[in-house]
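Asks: Sharing a model that was predicted from the sequence below.
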Amino acid sequence: MSTASDVCVIVPTFNEEAVITQVLTKLVQSPYRIVVVDDGSSDTTVQQIAHLPVRVVRHQCNLGQGAALQTGIDYALRWEGTKFLVTFDADGQHDVADIPRLLAPLQQGSYDVVLGSRFLRAGDGVTLTPGKRLLLRGAVLFTQLTTGLQITDTHNGLRAFTAPAAARIHITHNRMAHASEILAHIAQLRLRYCEIPVTITYTAYSLHKGQKLFESINVLWDLLMGKIR
Amino acid sequence: MTFQLSQVLLILTLVFFSIYVFRLRTVVLERIIYFTLTLGGTIFIVYPEWSTRLANHIGIGRGADLMLYIFVIFSLFHYVNIAARFKHLEHQMTAVVRSMALAEAMRDMPSHEGNVEAG
């Protein structure tokens, strides 16, 4: 049976000085190991978290969230005793209380990957703007067509992996296309996956930091170029 | 035969370009492509009417059109080349930055916890 301390939560950050202390203060009350991957922040993010009981891995320059996640995964796997890895966004949109529910299917040994979804429960997603909902639906359709995965939310930053599954996933898209890339790996490696409903809190901050509509064109471009290469 | 000033300037530009390329690019295929383009360009600068004759041979009305098509195709080739190079550099930079970040973080990790065989 596993204990909570064999769980490593990876938090990629980039210029999150406004919220990072608040987000991490909640996280450190949990029994989990926490790794913050600072992706070359130019603000005071790193100083803000210096006093907290978290491990910090710092990129010397900004590479992108995908690269930060991969660095976090590499570190977590080197941290002896890590059996489960969780990815958790730094902007305050995720709820720490969702993590145990994400881990449960992994700890029972029935799945390799558990993905958070904001569209599973009745009434989920109603707080989204129509534009964002349409965009996310489009991403789901794209993913179902290209990978065959039957999932409802392709761009949720809250995920959990077993250590062996995480070791087989290698994110090469440095920027935002990594969300689709992780799913593509799950499909290719035939990992056992499931979705769990999670709560997303949209604050003015997370919406501002979140991706804009036009950036999805960049993501699509990254994915297509990745296929051609 | 006499040369126009514009012809002299254009040929000089091409000569400097080809010297630069030969010093910069050591891949044989690339050298051949750039050399062919420079040679072709020089010929068409000296004998502008040849481009029209060549164009007519392959079903293009004017030499200027042929030049434009070659220019566009070469630009696309060049763009793909640069993009691939850029991507390669990005991967290399990611690997370097990541290994530096991990090395620094592992150094700070309590020694009994480090597991060098993982990852």
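Replies: Right, received. Where do you want to start?

Asks: And the longest helix anywhere in chain B, what does it pack against?
Replies: Assignment by DSSP state H gives helix B:63-108 as the longest helix of chain B. Contacts defined by 3 or more CB pairs under 8 Å, 6 or more residues apart in numbering or on different chains; DSSP states H and E place helix B:63-108 against strand A:55-58, helix A:65-78, helix B:28-46, helix B:48-57. Bear in mind the C-beta positions are built from the backbone N, C-alpha and C, glycine included.

Asks: and the residue nearest to the spatial centre of chain A, what does it touch?
Replies: Closest to where the C-alpha atoms of chain A average out (CA atoms, centre = their mean) is A:Gly157, at 3.0 Å. Applying CB atoms under 8 Å, 6 or more residues apart in numbering or on different chains to A:Gly157 gives the contacts A:Thr87, A:Phe88, A:Asp89, A:Gln93, A:His94, A:Gly116, A:Ala179.

Asks: so of the helices and strands packed on helix B:63-108, which one's packed in deepest?
Replies: Neighbour counts (mean count of other CB atoms under 10 Å in any protein chain shown) averaged over each of those peak at helix A:65-78, with a mean of 25.

Asks: got the angle between that helix and helix B:63-108?
Replies: 30 degrees (axes from the mean of the first three to the mean of the last three CA atoms, to 10 degrees).

Asks: And the next helix or strand after helix A:65-78, what's buried?
Replies: Later in the chain than helix A:65-78, the nearest helix or strand by DSSP states H and E is strand A:84-87. For strand A:84-87, burial by neighbour count (16 or more other CB atoms under 10 Å in any protein chain shown) applies to A:Phe84, A:Leu85, A:Val86, A:Thr87.

Asks: Could I get those residues in JSON lines, plus columns for pLDDT and distance to chain B?
Replies: Formatted as JSON lines, the buried residues of strand A:84-87 follow (pLDDT from 0 to 100; distance: CB to the nearest CB, whole Å):
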{"residue": "A:Phe84", "pLDDT": "97", "distance to chain B": "14"}
{"residue": "A:Leu85", "pLDDT": "98", "distance to chain B": "12"}
{"residue": "A:Val86", "pLDDT": "97", "distance to chain B": "17"}
{"residue": "A:Thr87", "pLDDT": "97", "distance to chain B": "16"}
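
Asks: Output the below-cut-off pLDDT ranges for chain B.
Replies: Within chain B, the segments meeting pLDDT under 70 span B:1, B:110-119.

Asks: cutoff 90 now
Replies: Within chain B, the ranges that satisfy pLDDT under 90 run B:1-4, B:15-38, B:40-41, B:48, B:74, B:77-78, B:81, B:107-119.

Asks: separation between the residue sitting nearest the centre point of it and B:Arg85?
Replies: Nearest to the mean C-alpha position of chain B, by CA atoms, centre = their mean, lies B:His78 at 4.6 Å. Distance, B:His78 to B:Arg85, using CB to CB, to the nearest Å: 11 Å.

Asks: next one: A:Leu135
Replies: Using CB to CB, A:Leu135 is found at 32 Å from B:Arg85.

Asks: In terms of neighbours, single out the busier of the two.
Replies: Per other CB atoms under 10 Å in any protein chain shown, whichever of A:Leu135 and B:Arg85 has more neighbours is A:Leu135, with 18 against 10.

Asks: So for the helix or strand harbouring that one, mean pLDDT?
Replies: In this structure, A:Leu135 sits in helix A:130-147 according to DSSP H and E. Helix A:130-147 shows a mean pLDDT of 82.

Asks: Buried residues of that helix, list them for me.
Replies: By neighbour count, and taking 16+ other CB under 10 Å as the criterion, the buried residues in helix A:130-147 are A:Lys132, A:Leu135, A:Leu136, A:Arg137, A:Ala139, A:Val140, A:Phe142, A:Thr143, A:Thr147.

Asks: which helices and strands sit right next to that helix?
Replies: If contacts are counted by 3+ CB pairs under 8 Å, 6+ apart, helix A:130-147 sits against helix A:178-188, helix A:215-228.

Asks: which element follows the first one toward the C-terminus?
Replies: Read in the C-terminal direction, the helix or strand following helix A:178-188 is strand A:193-197, with elements assigned using DSSP H and E.

Asks: And the helix or strand that contains A:Ser206, how far out from the chain middle?
Replies: According to DSSP H and E, A:Ser206 maps onto helix A:204-209. The gap between where helix A:204-209 is centred and where its chain is centred comes out at 16 Å by CA atoms, centre = their mean, to the nearest Å.

Asks: So A:Leu145 versus chain B, what's the distance?
Replies: Using CB to the nearest CB, to the nearest Å, one gets 25 Å for the distance from A:Leu145 to chain B.

Asks: Run through the residues that contact that residue.
Replies: Under the criterion of CB under 8 Å, 6+ apart, A:Leu145 has no neighbours.

Asks: picking that back up, now the residue nearest to the centre of chain A: phi and psi?
Replies: Note on A:Gly157: its backbone torsions stand at phi -80, psi -10 [degrees, to the nearest 10].

Asks: would you turn the contacts of A:Gly157 into a markdown table with distance to A:Val57?
Replies: Below are these laid out as a markdown table (distance: CB to CB, whole Å):
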| residue | distance to A:Val57 |
| --- | --- |
| A:Thr87 | 14 |
| A:Phe88 | 15 |
| A:Asp89 | 17 |
| A:Gln93 | 22 |
| A:His94 | 20 |
| A:Gly116 | 23 |
| A:Ala179 | 21 |
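
Asks: Report the lowest-confidence entry in those.
Replies: Among the contacts of A:Gly157, A:Ala179 carries the lowest pLDDT, at 86.
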